[in-house]
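K.L.:
missing the sequence, but the structure's below:
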């Protein structure tokens with residue numbers, strides 16, 4: 001079932017939306033083994049180490065881009081999330097523009113309480129922004145929409161990355177055991 005904004009899309013954009021929605025899985029690239037980078041992201045968040053977190057995110061993103069055979073993405077990890085009347089911004093994807101490579105920005109602290117973001121939430125945000133890049137570069141979609149398929153791809157990839165960890169974190173509160 002499409003999200004409410006689907007009805008406001010042009011016929012061409014509805015086709016793109018449906019194409020995105022039809023792709024429901026995003027498995028790890030063959031032979032992918034970057035569990036140490038996922039562990040490093042978790043450790044850097046626990047240590048409140050922004051620079052270390054950025055380096056680990058860049059290594060993970062580089063490995064995923066290489067594995068999926070898509071152009072590289074620059075990653076920035078900034079300290080405090082920006083906020084306004086619309087709420088807090090968790091992540092931002094900026095597509096490639098000319099000679100400037102695509103860029104992902106994620107924030108490691110909440111705007112209001114300035115607390116370090118929980119690992120699972122942070123990783124999901126990073127994977128979410130990588131998903132936008134893959135929509136353009138791997139799936140060759142002309143736009144990237146938040147569809148049910150998009151969120152299912154985000155979930156399968158994030159869960160696969162967590163499964164690579166030496167010691168995966170406990171399931172999130174309220175999560176069902178599978």
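P.N.:
That came in fine, so what should we check first? What you are looking at is a predicted structure, and each value in this text was computed from that prediction instead of being measured.
K.L.:
need the phi and psi values for residue 97.
P.N.:
phi -140, psi 100 (degrees, to the nearest 10).
K.L.:
now do residue 156 against residue 15, distance only.
P.N.:
24 Å (C-beta to C-beta, to the nearest Å). Yep, even glycine has a C-beta here, placed from its N, CA and C like the rest.
K.L.:
between the two, point out the one with more neighbours.
P.N.:
residue 156 (16 against 13; other C-beta atoms under 10 Å).
K.L.:
is it fair to say the more buried one lies in a helix?
P.N.:
Yes: counting by DSSP: H, G, I helix; E, B strand; the rest coil, residue 156 is found in a helix.
K.L.:
does it touch residue 28 like I think?
P.N.:
No: contact between residue 156 and residue 28 fails when scored by C-beta atoms under 8 Å: they sit 9.1 Å apart.
K.L.:
number of nearby residues for residue 22?
P.N.:
10.
K.L.:
how about the contacts made by it?
P.N.:
By C-beta atoms under 8 Å, 6 or more residues apart in numbering, the contact set of residue 22 is residue 149.
K.L.:
quick one, phi/psi of it?
P.N.:
According to degrees, to the nearest 10, residue 22 has phi -70, psi -20.
K.L.:
quick one: the strands in the chain?
P.N.:
When secondary structure is read from DSSP state E, the chain shows strands at 73-80, 83-84, 87-88, 91-94, 102-109.
K.L.:
pick the most buried one from the ones you listed.
P.N.:
Mean neighbour count, computed with mean count of other C-beta atoms under 10 Å, is highest for strand 102-109 among those, reaching a mean of 21.
K.L.:
just put the strands of the chain in a markdown table and tack on mean pLDDT.
P.N.:
Shown next, in a markdown table, are the strands of the chain (pLDDT from 0 to 100):
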| stretch | mean pLDDT |
| --- | --- |
| strand 73-80 | 93 |
| strand 83-84 | 68 |
| strand 87-88 | 72 |
| strand 91-94 | 93 |
| strand 102-109 | 94 |
